[in-house]
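Enquirer: Take a look and give me a structure for this.
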Amino acid sequence: MMHMRGDPSTMTKMNDYSEYGGDVVRGTRFELAQRVRAALDRGVPRWNIILDPGIGFAKEGAQNFEVLRRLPELTARHIRASAKHSVVSQPAAGIPSEESEEGFLDEDLATSLANYPVLVGSSRKRFIGQATGKTEAKDRVWGTAATVTAAIQGGASIVRVHDVAEMVDVARVSDHIYRSK
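Expert: Numbering: from 1, shown residues only. I've put the predicted structure just below:
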């Protein structure tokens with residue numbers, strides 16, 4: 001299940017997450033939980049669901065970096081409130097809006113996203129080019145390597161890439177750094 005708003009022709013204009021206090025991770029988490037709940041209610045087995053935060057889909061450059069930086073929160077049982085994103089002024093029904101006493105957000109997710117595998121597809125995307133100054137997608141291999149490392153550090157189980165041979169090495173080394181004991 002990939003997080004996306006609209007369709008390819010409208011999604012670039014649908015990156016306003018103000019209903020979630022401007023927090024793209026909260027918005028992605030909330031909307032993915034709704035989609036997972038709908039799939040489960042329609043009989044899709046839990047083990048057939050993989051979560052994809054939709055890097056590049058209804059998110060602008062900085063929002064993509066924010067999702068990668070905070071990827072562990074996507075499937076966390078509770079997320080911590082930050083000073084930047086702790087309050088929504090006029091929450092819509094069912095949208096998480098308040099900070100609890102322990103510093104966690106009180107959420108009303110349609111279903112828990114804990115323990116679902118996560119897929120990240122950041123390969124060669126525009127936001128990498130914006131950060132590196134590389135206008136040609138084929139020249140974004142090293143930037144992609146950084147996002148693959150961040151995804152693995154953040155708990156992604158699957159990465160979708162274009163430059164498979166190069167990214168296999170990146171994934172193997174990242175696994176040794178972040179997951180080997």
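
Enquirer: Let's check: the centremost residue of this protein is which one?
Expert: residue 53 (3.3 Å; CA atoms, centre = their mean).

Enquirer: Got phi/psi on residue 51?
Expert: Dihedral angles of residue 51 (phi, psi; degrees, to the nearest 10) stand at phi -90, psi 130.

Enquirer: what do you get for the one 3 residues further on?
Expert: Main-chain torsions, residue 54, degrees, to the nearest 10: phi 70, psi 50.

Enquirer: right, and it touches residue 8 too?
Expert: No. Judged on CB atoms under 8 Å, residue 54 makes no contact with residue 8 at a distance of 11.9 Å. In short, each C-beta sits where N, CA and C put it, glycine included.

Enquirer: More neighbours: which of those two?
Expert: residue 54 (21 against 8; other CB atoms under 10 Å).

Enquirer: Look up how far residue 153 lies from the residue nearest to residue 167 when sequence neighbours are not counted.
Expert: Nearest residue to residue 167, sequence neighbours excluded (CB to CB, 6 or more residues apart in numbering): residue 161, at 4.2 Å. Distance, residue 161 to residue 153, using CB to CB, to the nearest Å: 16 Å.

Enquirer: Just want to know which of these two has more residues nearby.
Expert: Per other CB under 10 Å, whichever of residue 161 and residue 153 has more neighbours is residue 161, with 21 against 16.

Enquirer: quick one: what helix or strand has residue 150 in it?
Expert: helix 141-153 (DSSP states H and E).
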